[in-house]
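Q: Kindly return the folded structure for what I paste below:
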Amino acid sequence: MEQDHGRIETRRYWTVADPAVIAGLDPTGAWAGLRCVGMVEATRCIGDTRSTETRYFISSLPGAAAPFGQAVRRHWGIENRLHWVLDVAFREDECRVRTGHAAHNFALLRHVALNLLRQDTTAKCGVKAKRLKAGWSEDYLRHILAPSN
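A: Residues are numbered from 1 along each chain as shown. Have a look, this model is predicted:
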């Protein structure tokens, strides 16, 4: 159970590692290393409002629910960290590019830019400030884009 930002969230984890079940889900063996199927039931209470969400996963982990639950939490932590930075530093949610492959191409460019900005250790500021600094200073932009950065 976690309590944060005025909400209480409880998660329950189940896994199935039965080889017969796994073989039935992947009869052609397309998912190399598949060892278990997991389910997460997350119940969130905000004031008097209660909602439940169920998510399913396939995994190469052994069937124990505890390591599966830890892996799921780590995965979402990474996802949330990445998407939050993209939204705050690059205003990704406000992007209205929709034609052809443009949205995918812009997303790739934002990821490349984010990785380049995170690699820089000379500026002691956040990604958003580094991005603005690169827009204001051609010297800093060259430094960010340099292969030896």
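Q: moving C-terminal of the strand or helix carrying Leu116, what's the next helix or strand?
A: Here Leu116 sits within helix 102-119, counting by DSSP states H and E. Per DSSP H and E, helix 102-119 leads on to helix 127-136 as the next helix or strand towards the C-terminus.
Q: any idea of the angle the helix holding Leu116 forms with helix 127-136?
A: Orientation check (axes from the mean of the first three to the mean of the last three CA atoms, to 10 degrees): helix 102-119 against helix 127-136 gives 100 degrees.
Q: Pull the residues that contact helix 102-119.
A: Here helix 102-119 makes contact (CB atoms under 8 Å, 6 or more residues apart in numbering) with 82, 85-86, 89-90, 92, 95, 97, 127, 130-131, 134, 144-145, 149. No exception for glycine: its C-beta is placed from N, CA and C like everyone else's.
Q: Looking at those, spot the one nearest Ala30.
A: In terms of CB to CB, no member of those lies closer to Ala30 than Leu82, at 26.9 Å.
Q: For the closest residue in space to the closest one that isn't next to it in sequence, grab the count of nearby residues.
A: Nearest residue to Leu82 in three dimensions, chain neighbours excluded: Leu114, at 7.9 Å (CB to CB, 6 or more residues apart in numbering). A count of nearby residues for Leu114, using other CB atoms under 10 Å, gives 18.
Q: re earlier: now do the buried residues in the helix holding Leu116.
A: Along helix 102-119, these residues count as buried under the neighbour rule (16 or more other CB atoms under 10 Å): Arg110, Ala113, Leu114, Leu116, Leu117.
Q: average model confidence for that helix?
A: The average pLDDT for helix 102-119 rounds to 90.
Q: the longest helix in the chain is where?
A: Ranked by number of residues, the top helix in the chain under DSSP state H is helix 65-90.
Q: what packs against that one?
A: Applying 3 or more CB pairs under 8 Å, 6 or more residues apart in numbering; DSSP states H and E, one finds that helix 65-90 makes contact with strand 7-16, strand 36-46, strand 49-59, helix 102-119, helix 127-136.
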